[in-house]
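Peer 1: predicted model and sequence below, questions to follow.
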Amino acid sequence: MTIDHIDLARVDLNLLVALDALLAERSVTRAASRIGIGQSAMSSALARLRVLFEDELLTRAPEGMRPTPRALALAEPVRALLRQVQVLVRRDEAFDPRSVVRTFTISLPDSTEVLLGPRLLAYLRQEAPGISLLLRSVDRDHILQEIDADRVDLAIGLSFRGQMHHKQRLLYLDSYVCLFNAALLGLAPPISLDDYLRFPHVLTSLRETAHGVVDDALARLGLSRTLAVTSPRFLAVPFLVRSAPVLTTMQARLAHLFAATLGLTVSPAPVDLDEVAVAMLWHASYDDDPAHRWLRDLLRRLADEGPA
């Protein structure tokens with residue numbers, strides 16, 4: 001397609017920056033603060049955008065400003081275009097992690113945080129001291145919107161169902177094992193299926209529902225288990241297991257770390273369970289961002305090394 005330079009010259013790129021901020025924040029005040037201009041300047045930019053696109057773009061609603069269908073259709077192309085422009089103007093700059101000053105917001109479960117967080121932080125302080133992390137829990141019901149709104153740079157978790165403008169990369173594979181206090185249960189590995197069902201279980205559920213992959217596997221055998229506790233926090237589970245005659249089924253990397261730290265026992269699970277695929281998810285507009293790509297590669301490298 002031939003570029004119409006005269007027509008294109010009438011478009012102020014700053015208007016697209018303003019539009020991206022408005023669509024992310026759904027508020028003139030917050031959008032103005034996001035890009036460092038005054039509220040009146042942002043209101044003026046919105047007025048010019050409405051003329052440019054011949055659409056209201058954002059209308060008032062009880063919850064703030066609501067984007068029109070035209071605005072929603074523009075959101076991803078505008079974000080991708082601005083990211084490409086940013087990469088283009090920075091392309092000749094050699095990426096040096098030691099000189100980067102940036103905060104990355106990462107949504108992840110506490111299981112991944114305890115597995116990778118300590119080594120990630122140690123590496124960053126040594127090799128990239130200007131990079132800081134804002135770690136948040138994963139809200140699986142809203143994580144895609146959080147990424148689209150640029151409030152989360154990277155998400156880590158299981159089975160993300162992204163859209164075309166989301167990118168995923170496998171971080172690591174893991175298996176399930178059992179974790180228990182051998183002294184309280186009077187068991188030694190490997191435990192039998194009968195023993196597995198004889199004692200009550202502790203379940204970790206990020207959705208806070210009393211049902212997990214173990215229950216599905218047991219149901220296929222016509223069996224069920226007794227749950228003593230369901231918790232959304234992986235880090236609480238080993239302390240629960242250490243204090244009572246219960247057992248839990250969790251990812252092997254985490255279980256071995258807890259066993260070594262708290263004197264617990266690990267056993268293969270006596271029921272067939274699929275491998276766990278832990279993945280990274282990010283917005284496609286960050287695919288070629290040097291710092292973002294460097295962080296993804298670093299996380300994959302740390303994951304490949306396994307727990308410290």
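Peer 2: Nice, thanks for sending it over. Note that the structure is a prediction, hence the values are computed from the model and not measured.

Peer 1: mind listing what's buried in the longest helix seen in the chain?
Peer 2: As far as residue count goes, and with DSSP state H defining each element, the longest helix of the chain is helix 69-90. Using 16 or more other C-beta atoms under 10 Å as the burial criterion, the residues of helix 69-90 that qualify are 71, 74, 75, 76, 78, 79, 82, 83. Using the backbone N, CA and C atoms, a C-beta is placed for each residue, glycine as well.

Peer 1: do the same with stretch 193-206
Peer 2: Using 16+ other C-beta under 10 Å as the test for burial, stretch 193-206 gives 195, 196, 197, 199, 201, 202, 203, 204, 206.

Peer 1: so the last one sits in a strand?
Peer 2: No: going by DSSP: H, G, I helix; E, B strand; the rest coil, the assignment for residue 206 is coil, not a strand.

Peer 1: any idea which helix or strand comes after the helix or strand of the chain with the lowest mean pLDDT?
Peer 2: Sorted by mean pLDDT, DSSP states H and E, the helices and strands of the chain end with helix 5-9, the least confident at a mean of 64. Reading on from helix 5-9 to the C-terminus, the next helix or strand found by DSSP states H and E is helix 13-25.

Peer 1: next, the angle helix 69-90 makes with that next one.
Peer 2: Inter-element angle recorded for helix 13-25 and helix 69-90: 120 degrees (by axes from the mean of the first three to the mean of the last three C-alpha atoms, to 10 degrees).

Peer 1: which helix or which strand is home to residue 239?
Peer 2: Assigned by DSSP H and E, residue 239 belongs to helix 237-243.

Peer 1: which elements pack onto that helix?
Peer 2: Applying 3 or more C-beta pairs under 8 Å, 6 or more residues apart in numbering; DSSP states H and E, we find helix 237-243 packed against strand 176-180, strand 201-204, strand 227-231, strand 247-251, helix 252-262.

Peer 1: from the chain's centroid, how far away is that helix?
Peer 2: In terms of C-alpha atoms, centre = their mean, to the nearest Å, the gap separating the centre of helix 237-243 from the centre of its chain is 27 Å.

Peer 1: cool, stretch 282-289 as well?
Peer 2: Stretch 282-289 sits 14 Å away from the centroid of its parent chain (C-alpha atoms, centre = their mean).

Peer 1: quick check: buried residues in that stretch?
Peer 2: For stretch 282-289, the neighbour count (16+ other C-beta under 10 Å) marks 282, 283, 284, 285, 286, 289 as buried.

Peer 1: what does stretch 33-43 give?
Peer 2: Within stretch 33-43, the residues that qualify as buried are 34, 35, 37, 42, counting by 16+ other C-beta under 10 Å.

Peer 1: which residues touch stretch 227-245?
Peer 2: Contacts of stretch 227-245 from elsewhere in the structure, counted by C-beta atoms under 8 Å, 6 or more residues apart in numbering, are 109-111, 114, 179-181, 184-185, 199-210, 246-248, 250, 254, 258, 261-264.

Peer 1: quick one: buried residues of it?
Peer 2: Taking 16+ other C-beta under 10 Å as the basis for neighbour counts, the residues of stretch 227-245 that come out buried are 227, 228, 229, 231, 234, 237, 238, 240, 241, 242, 244.

Peer 1: output the residues you listed in TSV, with pLDDT appended to each entry.
Peer 2: Converted to TSV, the buried residues of stretch 227-245 look like this (pLDDT from 0 to 100):
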residue	pLDDT
227	96
228	96
229	95
231	93
234	91
237	96
238	96
240	97
241	97
242	97
244	97
